[in-house]
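Chemist: the sequence and its predicted three-dimensional model are supplied below.
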Amino acid sequence: MLATLSRVKSPRWLFPDILLRHILAQEVRRKPLSLLSHSSSPVSDAWRRKVSGGIRDVSTSGTLCAKVRGQSKKRELSEKKLTRHFVDHRRVKLMAGSGGKGVCSFHSEPRKEWGGPDGGNGGDGGSIIIKTNRYIKSLAQVVPVYKGENGQSGGSKNCYGRNGSTTYIEVPLGTVVKEQGKTVVDLSEHGQEYLAVYGGAGGKGNRFFLSNENRAPMTATPGTEGQERSLHLELRTMAHAGLVGFPNAGKSSLLRAISNARPAVAAYPFTTLNPHVGIVMYRDHEQVAVADIPGIIQGAHLNRGLGIAFLRHIERCRVLLFVLDMSTTEPWTQFKHLCYELDQYEPGLSQRPQAIIANKMDLPEARDKLETLKSHVTQKVIPVSALTGRNTEELILHLRELYDGYLQGEGNSGEGKPTRW
Ligand SMILES: Nc1nc2c(ncn2[C@@H]2O[C@H](COP(=O)(O)OP(=O)(O)OP(=O)(O)O)[C@@H](O)[C@H]2O)c(=O)[nH]1
Ligand SMILES: [Mg+2]
């Protein structure tokens, strides 16, 4: 091709650059690199360098030219970072928009002496609505103060002011709205709305006051102030089952073993600082949500350790899985302490349908204690090893039994029913 070009001695400018680049690229692909460098082509080296500027001589394959990207897998947030992102309670001040003021004006037109009143009403202030969204997982995006949009003032020529638009505060499923310590509403369904503050009514223009007695009213009223409220939003994680245990008992390891959740695991207490929810999948497509919460210690209700405030996250769990570390001296005492702390948070909380998970059964010291533990408790004890995954099937099956029992029993009453995931 290049030979042809040289033979006809066509001036370079006859070929647009783009065409020449294409021709040279074809040539480059066809010839081996060694030949290209010693090519006897009449095309000058400088020109060749120019037209092949954008062409890679060595590789013309798309894969090698492509930008090298890192793995597309989303990086997991560390527990410390997650603590910054995961906010489970917020105090908010809500101020609805005020109504726009009504206007006093009279129609004026040439040769129309008595036009009459034509002042329009003001628009209503915007209300503020709290709405649940299942795709939001924390209250982090909720800001401390919300101010609704004010209604616009009315105008002359009977123009009404525009209403202030409604402000929506999106919150996760399971948000409880409290005012002065009392629960106002429990938002547990996707798309559920709670009208928290009403916008003020728009004022009336003087046209509104026109009557047979008063043909030229001068009265126009200002809009009323929007409602104001201080509310406390509290998130209670929605899960069917909750893992309860002392720090280091292996709750997070267990959740990793039975579900797709990836909470951090480490050999020191209080690794988990935020609740994590994992979904256990069954063959019939049933899904059971299991929540891993921070560890509880003896005296947690006196604010020892991390306290028990995070127990709000298992308040909605209908099934409790007590995870005991079988390598400790007296796992059954741990169980008693756990029940006591739960009852301190909410009397009767420890009485929910439950099972005891005897974890770390791979350790030799654990095996001897299993029978003693069984003799101390009446509940079903499931020996497992979260580390090796041994006997987790029994746990998964028993969890399903507890879940089905809940669905047939009190679950059908509807009250406090956790969402299906
Ligand atoms: N040998 C053995 N070690 C385990 C087992 N399960 C968990 N561990 C270890 O116990 C340590 C604590 O495990 P975690 O899953 O972080 O415990 P946790 O209960 O979530 O702890 P906190 O988040 O602090 O409450 C880790 O070093 C785990 O590797 C088990 O079945 N066998
Ligand atoms: Mg943990």
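Modeler: That came through, no problem. Numbers count the residues shown, from 1 in each chain. Ligands and ions are numbered 1, 2, ... in the order given.
Chemist: now do the SS call for Tyr149.
Modeler: Just to correct that, residue 149 is Glu rather than Tyr. Under DSSP: H, G, I helix; E, B strand; the rest coil, Glu149 falls in the coil class.
Chemist: any idea how far Arg318 is from the residue nearest to it when sequence neighbours are not counted?
Modeler: Leaving aside its chain neighbours, Glu149 sits nearest to Gly164 (3.4 Å; criterion: C-beta to C-beta, 6 or more residues apart in numbering). From N, CA and C alone the C-beta is placed, and that goes for glycine too. As defined by C-beta to C-beta, to the nearest Å, Gly164 lies at a distance of 42 Å from Arg318.
Chemist: the two: which has the busier surroundings?
Modeler: Gly164 (26 against 22; other C-beta atoms under 10 Å).
Chemist: just confirm the more buried one contacts Ile128, I think it does.
Modeler: No: using C-beta atoms under 8 Å, Gly164 is not in contact with Ile128, being 10.2 Å away.
Chemist: which parts of the stretch 251-400 of the chain sit against ligand 2?
Modeler: Selection of the stretch 251-400 of the chain residues close to ligand 2 by C-beta under 5 Å from the ion yields Ser252, Thr271, Thr272.
Chemist: show me where this protein has strands.
Modeler: Here the chain has its strands, by DSSP state E, at 89-95, 128-132, 145-147, 167-171, 175-179, 182-187, 193-197, 228-235, 241-245, 276-281, 287-292, 319-325, 354-359, 381-383.
Chemist: please identify which of the ones you listed is closest to Cys339.
Modeler: Closest to Cys339 of the strands of the chain is strand 319-325 (C-beta to C-beta; 8.1 Å).
Chemist: report the strands that pair with the closest one, each with its relative direction.
Modeler: strand 241-245 (parallel), strand 354-359 (parallel) (DSSP bridges).
Chemist: kindly list the longest helix within the chain.
Modeler: The single longest helix within the chain, with elements called by DSSP state H, is helix 392-408.
Chemist: that one and ligand 1 in contact?
Modeler: No: residues of helix 392-408 are not located near ligand 1 by C-beta under 6 Å from any ligand atom, the shortest gap being 9.8 Å.
Chemist: quick one: mean pLDDT for that helix?
Modeler: The pLDDT scores in helix 392-408 average 90.
Chemist: quick one: it to chain centroid distance?
Modeler: Using C-alpha atoms, centre = their mean, to the nearest Å, the mean C-alpha position of helix 392-408 is found 27 Å from that of the whole chain.
Chemist: and stretch 203-223, by the same measure?
Modeler: How far stretch 203-223 lies from its chain's middle: 50 Å, per C-alpha atoms, centre = their mean.
Chemist: of the residues of the stretch 251-400 of the chain next to ligand 2, which are in range of ligand 1?
Modeler: Contacts with ligand 1 within those, counted by C-beta under 6 Å from any ligand atom: Ser252, Thr271, Thr272.
Chemist: which of those residues sits closest to Val145?
Modeler: Nearest to Val145 out of those is Thr272 (C-beta to C-beta; 31.9 Å).
Chemist: which one is the closest one nearest to, not counting chain neighbours?
Modeler: Nearest non-adjacent residue to Thr272, counting by C-beta to C-beta, 6+ apart: Pro294, 4.9 Å away.
Chemist: give me phi/psi at that neighbour?
Modeler: The phi/psi pair for Pro294 (degrees, to the nearest 10) reads phi -60, psi 160.
Chemist: return the per-residue confidence for it.
Modeler: Looking at Pro294, its pLDDT is 91.
Chemist: so Met326 touches Glu371, yeah?
Modeler: No: counting by C-beta under 8 Å, Met326 does not reach Glu371; the two are 11.4 Å apart.
Chemist: more neighbours, these two?
Modeler: Each of Met326 and Glu371 has its neighbours counted (other C-beta under 10 Å); Met326 has more, 25 against 10.
Chemist: for Lys374, see how far away that one is.
Modeler: 12 Å.
Chemist: cool, and Gly299?
Modeler: In terms of C-beta to C-beta, Gly299 sits 27 Å off from Lys374.
Chemist: repeat for Phe86
Modeler: Phe86 is 37 Å from Lys374, by C-beta to C-beta.
Chemist: try Ala309
Modeler: Counting by C-beta to C-beta - Ala309 and Lys374 are separated by 33 Å.
Chemist: ranking by neighbours, what's the top pick from the ones next to ligand 1 among the residues of the stretch 251-400 of the chain next to ligand 2?
Modeler: The most crowded member of those, judged by other C-beta under 10 Å, is Ser252 (28 neighbours).
Chemist: wait, it touches Ala264, no?
Modeler: Yes: if you go by C-beta under 8 Å, Ser252 and Ala264 touch, sitting 6.6 Å apart.
Chemist: name the residues contacting each of the two.
Modeler: In terms of C-beta atoms under 8 Å, 6 or more residues apart in numbering, Ser252 and Ala264 are both contacted by the residues Thr271, Thr272.
Chemist: so who does the residue lying closest to Arg352 once chain neighbours are set aside touch?
Modeler: With sequence-adjacent residues excluded and distances taken as C-beta to C-beta, 6+ apart, Arg352 is closest to Leu320, at 5.1 Å. Leu320 makes contact with Ala241, Gly242, Val244, Ile314, Leu342, Ser350, Arg352, Pro353, Gln354, Ala355, according to C-beta under 8 Å, 6+ apart.
Chemist: ok, and the closest non-adjacent residue to Leu311?
Modeler: Distances taken as C-beta to C-beta, 6+ apart place Tyr345 nearest to Leu311, at 4.5 Å, with adjacent residues excluded.
Chemist: beta partners of the residue in the stretch 301-421 of the chain that ligand 2 sits nearest to?
Modeler: Residue of the stretch 301-421 of the chain nearest ligand 2, by C-beta to the ion: Val323 (9.7 Å). Beta bridges link Val323 to Gly245, Ile357 when assigned by DSSP bridges.
Chemist: right, and it touches Gly250 too?
Modeler: Yes: contact status for Val323 versus Gly250: in contact at 6.1 Å, counting by C-beta under 8 Å.
Chemist: got any residues that touch both of the two?
Modeler: Common contact partners of Val323 and Gly250 (C-beta under 8 Å, 6+ apart): Asn359.
Chemist: more neighbours, these two?
Modeler: Val323 (29 against 25).
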